[in-house]
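1. What follows is a predicted protein model with its sequence.
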Amino acid sequence: MILRQLFICIVALGLCYPVTAQWGAERGPNGVAEGTVLSPVMDPEGDAMAVLGAAPPLLDIDTLDVRYSATDLNFSMTFFNSILPPSSGSLDALVGVIEFDVDQDMLTGIPSLQNAFSPPFAMLGSGIEYVIDLFSEVAQPGFVNITDMNGLLQGTIPVTYTDNSISGAIPLSLLGNDDGLVDFAGVIGTVTQPTDAMEVVGTSIAVPEPGSFAMLLILLCGVVNLRRK
Ligand SMILES: [Ca+2]
Ligand SMILES: [Ca+2]
Ligand SMILES: [Ca+2]
């Protein structure tokens, strides 16, 4: 918990970049910033930074993909490096937060930690209501906590770590029974320092329903049969 708070303080203070931050960005209707990017969101390679001068690895985000079904919000974050779960006990383990603005309104919720870390320090139109707490896996191997903007625990979900990714599914019931259409952000690092953040805010997309695939196949088969006749 102490490490988590230290990490968040470092990110929130924006120690990793000069204090020439430019807060405020173009806003669309209802105060929502324009220019969110539909999932999956790509992040540049090589933009990870040693914020506190700690030794590598500098965990470097590759992509963050967020998709919703009728029941869940599925997420997958990939990296250019190999990662380890916090429960490994390694100081090089992946920690940080993935943040969700479930009503897509920056005027509700709390400011995104991503804004304080990732240039151009613009308020990217995210007022965060829920967070995946990647730190929490240290005490419960294979599981992470979902918390609200006040840090209150909403539930715990299983996650899957591979050599270069973490993924999982959050029941929408843990996100205030949201419809799954959310804006998302994220900032990550190792236990010793934040290293990378998404550069833009993403917007989730729907997972195609199995029924629509089946319908498409039926239609395609119908077209093929008609052509054969
Ligand atoms: Ca990156
Ligand atoms: Ca919000
Ligand atoms: Ca929503």
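-> Received it, and whenever you're ready, just let me know what you need. Ligands and ions are numbered 1, 2, ... in the order given.
2. where does the protein come near ligand 2, residue by residue?
-> 101, 103, 105, 108-109, 127 (Cβ under 5 Å from the ion). Using the backbone N, CA and C atoms, a C-beta is placed for each residue, glycine as well.
3. Filter the residues you listed down to the buried ones.
-> Buried members of the residues of the chain next to ligand 2, counted by 16 or more other Cβ atoms under 10 Å: 101, 103, 105, 109, 127.
4. Read off the pLDDT value for the first one.
-> In this case it means residue 101. The model reports residue 101 with a pLDDT of 95.
5. Tell me how far it lies from residue 209.
-> According to Cβ to Cβ, to the nearest Å, residue 101 stands 24 Å off from residue 209.
6. For the protein, just list every one of the helices.
-> Assigned by DSSP state H, the chain shows helices spanning 2-13, 113-117, 210-228.
7. re the thing from before, identify, from the buried ones among the residues of the chain next to ligand 2, the entry nearest to ligand 1.
-> residue 101 (20.9 Å; Cβ to the ion).
8. which residues does that closest one bridge with?
-> Beta bridges link residue 101 to residue 183 when assigned by DSSP bridges.
9. Residues of this structure that sit close to ligand 3?
-> Going by Cβ under 5 Å from the ion, the residues of the chain near ligand 3 are 102, 178-179, 181.
10. got a list of what the residue positioned nearest the centre of the chain touches?
-> The centroid of the chain falls nearest to residue 98 when counting by Cα atoms, centre = their mean (3.5 Å). Applying Cβ atoms under 8 Å, 6 or more residues apart in numbering to residue 98 gives the contacts 64, 75, 77, 131-132, 134, 184-186.
11. Next: residue 65.
-> 39-41, 74-77.
12. what about 10 Å?
-> 39-42, 74-78, 165, 167, 184, 202, 204-205 (Cβ atoms under 10 Å, 6 or more residues apart in numbering).
13. Grab the nearest non-local neighbour of it.
-> Using Cβ to Cβ, 6 or more residues apart in numbering and skipping the chain neighbours, the partner closest in space to residue 65 is residue 40 (3.7 Å).
14. wait, that neighbour sits on residue 64?
-> Yes: at 6.8 Å, residue 40 and residue 64 qualify as touching, with contact defined as Cβ atoms under 10 Å.
15. Could you check which of these two has the larger neighbour count?
-> Taking neighbours as other Cβ atoms under 10 Å, residue 40 and residue 64 compare with residue 64 leading, 23 against 16.
16. first vs last residue of stretch 159-166, how far apart are they?
-> Using Cα to Cα, to the nearest Å, one end of stretch 159-166 lies 7 Å from the other.
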